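Undergrad: Please work out how this folds:
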Amino acid sequence: MKPATVEVIVVTWNSAEVLPGLLDSLEQGLQGVQWRLTVADNASADGTLTLLQERIPGARIVRTGYNAGYAAAINAALAGLEPRTAVLVLNPDIRLSPGCVAAMLPHLDRPGTGIVVPRLHGESGALTHSLRREPAVLRAIGEAVLGNRRAGRWSLLGETITAGAAYRAATTVDWATGAALLISWDCLRDCGPWDESFFLYSEETEYALRARDLGHRTRLAPDAHAVHLEGDSEVSPRLWTLLTLNKVRLFHRRNSAAASAVFWAAMLLREGSRALLGQERSRRAAAALLSPARLRTRPTADNLV
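TA: Numbering: from 1, shown residues only. Next comes the predicted model:
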């Protein structure tokens, strides 16, 4: 039988510090799979591409020429690709466990599946709650009042799926965090380009929900494991603000004006209440939510303030 062929796409921007760990994990993580590496680089200035060429000389490099954002870099990497079994999109701070991708591929063959994700863990080995339900008004209110971890125990009240049992079964979900996504060629063909208007955050949500609407569900492969290093959004007020605004922008696109207003209010409640507790990232996010101009402005590398 001809081995599966996977195009591995990694988006980089000044990633020299974290990229070596990913590159070191690719050979064992893709064991038994025929693969090629494409790196879409958003004008790194820290030696990322020099490091890449030293480690994997045959890697295909796509230069966007500027900090174009995550979705734009993925689209640049996909442009001109010949059809393959699947495309594996990875953050540079992912480390694949041995046999990870070979364990993901059979799940991609299950009817109605267009995207497969591995079970993610942090550096400490703790499970990462990477599975998500579709954003909804009641879920936004539930997370604002109860917090993500407690609200996530109930499907009506939480977007983040926090029940441990959900990560031990090959289940379908509305979407999952975009650090490691195995996408079928049929799904890529039907969905078309990624939405570049988000710059960073919510683009994977929009893509997975659009794929689901077209009949391509997101499925967890519980027997496939990967490590995801801690994200900058957890500590950076600037990135947390962008994440919050993009959640509101995406919800508005998919829902009525009335529902969007209530969703916005729930997000403001969440960030405002946490700002009162002294969280700087929430103070910045709440201020941005109160600015109609910030909500209307398409994010770019130059206006992430």
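Undergrad: contacts for the lowest-mean-pLDDT helix or strand in the chain?
TA: Using mean pLDDT, DSSP states H and E, the weakest-scoring helix or strand in the chain turns out to be helix 292-296, at a mean of 89. With contacts defined as C-beta atoms under 8 Å, 6 or more residues apart in numbering, helix 292-296 is touched by 245, 248-249, 288-289. From N, CA and C alone the C-beta is placed, and that goes for glycine too.
Undergrad: rerun that using 7 Å as the cut-off
TA: With C-beta atoms under 7 Å, 6 or more residues apart in numbering as the test, helix 292-296 has contacts from 245, 248-249, 288.
Undergrad: Mind giving me the ChimeraX select for the residues you listed, buried ones only?
TA: To isolate the buried ones among the contacts of helix 292-296 in ChimeraX, judged by 16 or more other C-beta atoms under 10 Å, type:
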select :245,248,249,288
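Undergrad: would CSV of the contacts of helix 292-296 with secondary structure be doable?
TA: Output for these, formatted as CSV (DSSP: H, G, I helix; E, B strand; the rest coil):
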residue, secondary structure
245, helix
248, helix
249, helix
288, helix
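Undergrad: If we go by neighbour counts, what in stretch 85-100 is buried?
TA: Under 16+ other C-beta under 10 Å, the buried positions of stretch 85-100 are 85-97, 99-100.
Undergrad: wait, which of those is closest to residue 255?
TA: Closest to residue 255 out of those is residue 89 (26.5 Å), distances taken as C-beta to C-beta.
Undergrad: And that closest one, what's its pLDDT?
TA: On pLDDT, residue 89 comes in at 98.
Undergrad: Spatially nearest residue to it, not counting backbone neighbours?
TA: Excluding its sequence neighbours, the residue lying closest to residue 89 (C-beta to C-beta, 6 or more residues apart in numbering) is residue 181, at 4.6 Å.
Undergrad: contacting residues for the one you found?
TA: Going by C-beta under 7 Å, 6+ apart, residue 181 touches 89, 115, 117.
Undergrad: which ones among these are found in strands?
TA: 89, 115, 117 (DSSP state E).
Undergrad: I'd like those residues laid out as CSV, including distance to residue 154.
TA: CSV is the format used below for these (distance: C-beta to C-beta, whole Å):
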residue, distance to residue 154
89, 30
115, 25
117, 22
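Undergrad: Fine by me, we can end here.
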